[in-house]
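1. Predicted model follows, preceded by the sequence.
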Amino acid sequence: MKIQIVGQLDAFTIKTLYKNYDIIARNLKVYPTVKIYPRGYALDGGIGGFYHADRNHVDIVDHYYLISILSHEMRHAYQYIYFPDLYFNTTYSSAREYLNCEVERDAREYSIDFCLAKGYREEAEHCKVSEEQYELVIQNKLSPSVMGLSDGYFKRNPVKATVVSRDYHLSQKSITKTKGGVSLTVIEGGAGEKSGGAIYMWAVLLILATLIYLKWG
């Protein structure tokens, strides 16, 4: 199951979550696992959701507006898988810097656009109001605590930008397979699993065509 629910959610909410997970997954071509915790559960830093890139997993705290959080966190999966050079080029050591970094701004913008596109106008309006408040936090005109964020957490857990290439995942997940005496480098796991299979298939076909040509050409 892609979505694990801790505690109880009503049937309508569960159905809506699965429906929108599938839509977002098809749209972004990302398929993270998701765990939803009950209201009152506290994620680090006071945030409502978090994407764990190391295991392609999303944690979310149950909220009246769940679809915006789900789309926001799945957007982070998209950033990590398809634009690692931008995802890793992130630095923050405070709640203000966290809110102002490019990956967060992009995820919040995508969340609003998705809610509007799918008719969740009330949820989109809620996100827009929150965005206005986030801007005040960024401008140091509003305390992060008003938005439920722990500035101390971000100061204790700073993130420093790392330079990686756009094809970062290819170099990280490539392995060598041997078939019929021929060694081929393919990509396994995550977003590259299907493309790796395609690369393998076309490489085999190319080798066979070459052998046929050499024998009969």
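-> Received, thanks.

2. From now on I want contacts and neighbour counts done on CA atoms only, so please keep to that.
-> Will do.

3. in this protein, which spans are strands?
-> Using DSSP state E, the strands of the chain run over residues 3-5, 33-37, 49-52, 57-61, 174-179, 182-187.

4. Buried residues of the third one, list them for me.
-> Okay, so that is strand 49-52. Of the residues in strand 49-52, 49-51 count as buried by neighbour count, 16 or more other C-alpha atoms under 10 Å.

5. Could you single out the nearest of the residues you listed to residue 70?
-> For the buried residues of strand 49-52, the residue nearest residue 70 by C-alpha to C-alpha is residue 49; the value is 7.9 Å.

6. ok, now which ones touch the closest residue to the closest one other than its chain neighbours?
-> Leaving out its chain neighbours, the residue that sits closest to residue 49 by C-alpha to C-alpha, 6 or more residues apart in numbering is residue 60, at 4.2 Å. Residue 60 sits next to 34-37, 48-50, 69-70 when contact means C-alpha atoms under 8 Å, 6 or more residues apart in numbering.

7. so which of those residues comes closest to residue 84?
-> residue 50 (17.0 Å).

8. Would you mind listing the residues in contact with that closest one?
-> 43, 58-60, 73.

9. neighbour-wise, which of the residues you listed leads?
-> residue 73 (27 neighbours; other C-alpha atoms under 10 Å).

10. How about it, nearest residue that isn't a chain neighbour?
-> residue 51 is the one closest to residue 73 (C-alpha to C-alpha, 6+ apart), at 5.7 Å.

11. What pLDDT does the model give that neighbour?
-> With respect to pLDDT, residue 51 has a value of 97.

12. what ranges do the helices span in this structure?
-> Listed in chain order, the helices of the chain (DSSP state H) span 11-28, 66-82, 84-87, 95-100, 102-117, 121-138, 151-156, 168-173, 192-216.

13. deepest of those helices, which one?
-> Highest mean neighbour count among the helices of the chain (mean count of other C-alpha atoms under 10 Å): helix 66-82, with a mean of 24.
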